[in-house]
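In: structure of the sequence below:
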Amino acid sequence: MDKLLKLAEKMIRSIEERRISFWVLLSSFASLIIIRVLVENMAAGENSHKGVLTFYEFFDSFAIAYLLSLWIIHKMLAVDFRRAANILILGYSVIIIPPIVDYIMSHGKGFLSFYTFDGFAGLVKRFFTFFGDRPDIGITYGVRAEILIAVILILIYSYLKSKNILKSILTSLSVYLVLFLLGTFPSWITIAVEGISKGFLRITGIDAVQMFFSPFSLFSREINSVNDALITRVNMIYILLLTAILLLAFWKYQKIKLYSFLRNIRAPQISFHLGLLSIGLGAGILLSETTVSINFFNVLGFLVLSEAVIFSWLASVVVNDIFDKKVDTIANPNRPFIKKDFSLLEYKSLGIILFALSIYLSFLINPKISFFLIAYQAIAWAYSAWPFRLKRFAFVSTFISALALILIFFSGYILASPSQNLFGLPASIIIFLIFAYTFSIPLKDFKDIEGDKADGVYTVPVVFGEYWGKIIVSSGIFISFLASILVFNEFRLFWWALILGGISFWLVNKMKKNPAESKINYRNIFWWILGTISIYGLILIKIIFS
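Out: Below you'll find the model as predicted:
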């Protein structure tokens, strides 16, 4: 027996010590998910899952289970994250088991495998009875076998690492709790959401089934398949939960990198992007004369899409920082890439991950929006990267940026448009927005004048100088305010456009390079202008709907 234990420990140690990169680990994880989806479709018979949403279902839930199990092993057994990650990814091979077991137990017909639905008391009972009765539906024979094998493997691994029976039992029970919560996830969400009005202890399994299985409209997108409805609803929550887990993990274990990157996200631009998304959504509702209900899942959908837009912007920031190294060394020395808080490989990997996440998240909400974000990233690449590097040319650079921004507006618009396209959106609004963005975007270039000159980037303030650069930009903003009167055919806006446009003109010309000289300076001017635009936007909404 001792020889067997020593052999097992030696095998585990060899797996733990192997140097596996993040990309290899991620590829292995994704490969297991793809194999599971393939086997699921081949073995599930008439209950076969179909479509790309099945990948979301498995990837997101297993990713949450993986990360939480990783943390449990690290905390309970004091095992290094890298070592635990190697062991877990190998152990994740058990996810192939459920469809095979179900195929055998059902004599080739397959079982309907998804979640277990119940009220609070029923869920507590199911926890202590290993998911309770009816293994032919929900948490099926195969899923139970998968969970049982996983818990036993964790128990064995825990004992080999700690030689402590109590700690091993607690570790395996903690992992079982995570898997149980995921296997009953929709029920807990129903209790939390519907319980507020109906009473937490009065929620039943039927309530959970109705909440998650019923066909619904995600803004203007109709989801009629009950399976697609379940997967879409659950995965919107999974995505937000995964984001919270990852942010918490980086805050706990990679504070320096997290804080350094967060200081570089350009909060005004993020606010502007989310504002554009919201304005596009509002325009879609107004122009298509449709109604969008403000319910739990539409709110979740908007949050997920907002996250996708933020990730898309951050991916473009990474690309810009990499190619702007010479500029930032002079003008922005505190940026993370310049401070070497990230290596070039780490920063490139971060950019790729952010871009992939923006597409992954937006595709779940509306596949058409994911194509807009791909186009957004293509424009951002042409703007920053060689051989194009279009940011070198005054007005060309801002026009290109305006095209990228209009795609965010389009994303919001088709979110609400019943036809899921841009028909009904007047060309005058598109032209107006492109003009306004083209002349307002150069605001960000004043703080980078020295760096842009050194790198041969000919922005408006570099070409025309600070004085005339301010005149050109402020005039463009002022004209945009006045032009909005004609675009919206609303002459009650005249005095508001004149006053707020005039204030914006004054703010731009008042700004100084040194923050000590003026509260209005090159680094915060965007917030000031965003304030006048926001006030004008609220007045516009009030007038239109009055």
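
In: what separates stretch 73-87 from the chain centre, distance-wise?
Out: 27 Å (Cα atoms, centre = their mean, to the nearest Å).

In: was I right to think Gly469 contacts Asp452?
Out: No - in this structure Gly469 lies outside contact range of Asp452 using Cβ atoms under 8 Å: 11.5 Å. Placement of C-beta: from N, CA and C, glycine included.

In: contacts for stretch 162-169 next, please.
Out: Stretch 162-169 is contacted by residues Met76, Leu77, Leu155, Ser158, Tyr159 when judged by Cβ atoms under 8 Å, 6 or more residues apart in numbering.

In: now do the buried residues in it.
Out: Ser162, Ser168 (16 or more other Cβ atoms under 10 Å).

In: residues in contact with stretch 454-472?
Out: With Cβ under 8 Å, 6+ apart, stretch 454-472 has contacts from 324, 326-327, 330, 391-395, 397-398, 439, 442, 445-446, 448-449, 451-453, 473, 508-509, 511, 513.

In: buried subset of these?
Out: 324, 327, 330, 391-392, 394-395, 397-398, 439, 442, 445-446, 448-449, 451-453, 473, 508, 511.

In: from the residues you listed, which land in helices?
Out: Val327, Ile330, Ser397, Thr398, Phe439, Ile449, Gly451, Asp452, Lys453, Val473, Val508 (DSSP state H).

In: isn't the first one up against Gly451?
Out: Yes - shown here, Val327 and Gly451 form a contact pair, counting by Cβ under 8 Å, at 3.5 Å.

In: all helices of the stretch 201-350 of the chain, in order?
Out: With DSSP state H, counting those that start in this stretch applied, the stretch 201-350 of the chain shows helices at 205-213, 226-253, 255-262, 267-288, 296-323, 325-331, 336-339, 344-365, listed in chain order.

In: other SSEs contacting the fifth one?
Out: Right, helix 296-323. Applying 3 or more Cβ pairs under 8 Å, 6 or more residues apart in numbering; DSSP states H and E, we find helix 296-323 packed against strand 216-218, helix 226-253, helix 267-288, helix 336-339, helix 344-365, helix 367-384, helix 396-416.

In: what residues of that helix count as buried?
Out: Buried, per 16+ other Cβ under 10 Å, within helix 296-323: 297-298, 300-323.

In: ok so, going back, reformat the helices of the stretch 201-350 of the chain as JSON lines; add mean pLDDT and distance to Ser172.
Out: Formatted as JSON lines, the helices of the stretch 201-350 of the chain follow (pLDDT from 0 to 100; distance: least, Cβ to Cβ, whole Å):
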{"stretch": "helix 205-213", "mean pLDDT": "94", "distance to Ser172": "27"}
{"stretch": "helix 226-253", "mean pLDDT": "94", "distance to Ser172": "21"}
{"stretch": "helix 255-262", "mean pLDDT": "93", "distance to Ser172": "31"}
{"stretch": "helix 267-288", "mean pLDDT": "90", "distance to Ser172": "42"}
{"stretch": "helix 296-323", "mean pLDDT": "96", "distance to Ser172": "33"}
{"stretch": "helix 325-331", "mean pLDDT": "86", "distance to Ser172": "49"}
{"stretch": "helix 336-339", "mean pLDDT": "91", "distance to Ser172": "40"}
{"stretch": "helix 344-365", "mean pLDDT": "96", "distance to Ser172": "32"}
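
In: redo the ones you listed as a markdown table? Include distance to Tyr56.
Out: Below are the helices of the stretch 201-350 of the chain laid out as a markdown table (distance: least, Cβ to Cβ, whole Å):
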| stretch | distance to Tyr56 |
| --- | --- |
| helix 205-213 | 14 |
| helix 226-253 | 5 |
| helix 255-262 | 26 |
| helix 267-288 | 22 |
| helix 296-323 | 11 |
| helix 325-331 | 37 |
| helix 336-339 | 31 |
| helix 344-365 | 6 |
